[in-house]
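Colleague: Only the shape, not the letters, is given here:
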Ligand code: NAP
């Protein structure tokens, strides 16, 4: 039995490490593999997924939207998100799911953050921000600002889901930061350890209790600056493992060993990127 990650590139991924740790811990005789798939090979990959020995797959950049169009059926969440990060092979029928949505929520629910009452700012309007907004809408979020470099993309998201308002990634944001309980970085800025989606001095405007949640699963200038200001922080590793754990639950119908998966992911991250990501 096999599972794998479809994306391009995928070599940096931690998924095989923490998924294999879960399979081995539970004693499921399956292998989780890396399936690098350039866009012009996606159709072949979809055919391969229908083989009887394939349980399913995870999907990452750049295929989440294309796979949503290629599977036989979409689960309601994947339909709302317009993106698939998990595929289930059920008797050669491919079902598309989206576990980024519960994955994003998991660390917040675990910390008892009251999403419906929290004043939330999301930076970014790409695929990850979309999953975040679906998640926040599901949880009755009432106060949301979506800020993006390309304002029209933020406006399109806000109007599609009927929540929040759109702003540019510009000084106008400083007006809302003093009344923000949760700041989410869903842009791709920060992964290189060099840049921040907003000037880090703007963090001085946040209330002392505001949680800074960066979906990047390694250390970023935004997280470093938030910690230096004694703000609570959360990086993307817990989300990454939580989305994988939810995929595991869908593939096998059993509760995955989250702590074993998280520890394996932490160790692999430390090895690859240094102790703190
Ligand atoms: P994406 O669809 O390519 O979107 C990228 C976003 O970043 C867009 O909003 C884009 O703004 C913004 N951006 C890019 N370059 C910028 C720049 N120089 N200045 C300002 N804004 C810029 O990427 P994605 O799939 O949403 O992924 C975003 C991040 O989330 C990635 O770092 C990814 O690793 C992370 N992520 C983490 C998890 C997890 O499990 N932890 C899951 C999914 C994603 P424009 O619209 O203006 O281009």
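Modeller: Done, it's in. Owing to the predicted nature of the structure, the values given are computational and were not obtained by experimental measurement. Residues are numbered from 1 along each chain as shown.
Colleague: Helices of the stretch 101-250 of the chain, residue ranges please.
Modeller: 127-138, 151-161, 221-228, 237-252 (DSSP state H, counting those that start in this stretch).
Colleague: So residue 100 sits against residue 129, correct?
Modeller: No: the pair residue 100 / residue 129 is not scored as a contact, 10.7 Å apart, by Cβ atoms under 8 Å. No exception for glycine: its C-beta is placed from N, CA and C like everyone else's.
Colleague: what about the residue nearest the centre of the chain, distance to residue 175?
Modeller: Geometric centre of the chain, nearest residue: residue 100, 4.6 Å, by Cα atoms, centre = their mean. Using Cβ to Cβ, to the nearest Å, residue 100 is found at 30 Å from residue 175.
Colleague: Likewise for residue 151?
Modeller: Separation of residue 151 from residue 175 (Cβ to Cβ): 16 Å.
Colleague: ok, those two, which is more surrounded?
Modeller: The residue with more neighbours, out of residue 151 and residue 175, is residue 151; 16 against 11, by other Cβ atoms under 10 Å.
Colleague: re earlier: ok, the residue nearest to the centre of the chain - contacts?
Modeller: Contacts for residue 100 were tallied using Cβ atoms under 8 Å, 6 or more residues apart in numbering; they are 81, 83, 85, 128, 131, 239, 243.
Colleague: try residue 70
Modeller: 42, 43, 46, 94.
Colleague: Now which of those residues would you call buried?
Modeller: 42, 46, 94 (16 or more other Cβ atoms under 10 Å).
Colleague: Can I get those residues in CSV including pLDDT, distance to the ligand and secondary structure?
Modeller: Shown next, in CSV, are the buried ones among the contacts of residue 70 (pLDDT from 0 to 100; distance: Cβ to the nearest ligand atom, whole Å; DSSP: H, G, I helix; E, B strand; the rest coil):
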residue, pLDDT, distance to the ligand, secondary structure
42, 98, 17, helix
46, 98, 20, helix
94, 98, 21, strand
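Colleague: Reformat those residues as TSV; add distance to residue 222.
Modeller: Below are those laid out as TSV (distance: Cβ to Cβ, whole Å):
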residue	distance to residue 222
42	33
46	36
94	37
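Colleague: which residues does residue 105 contact?
Modeller: 115, 135, 139.
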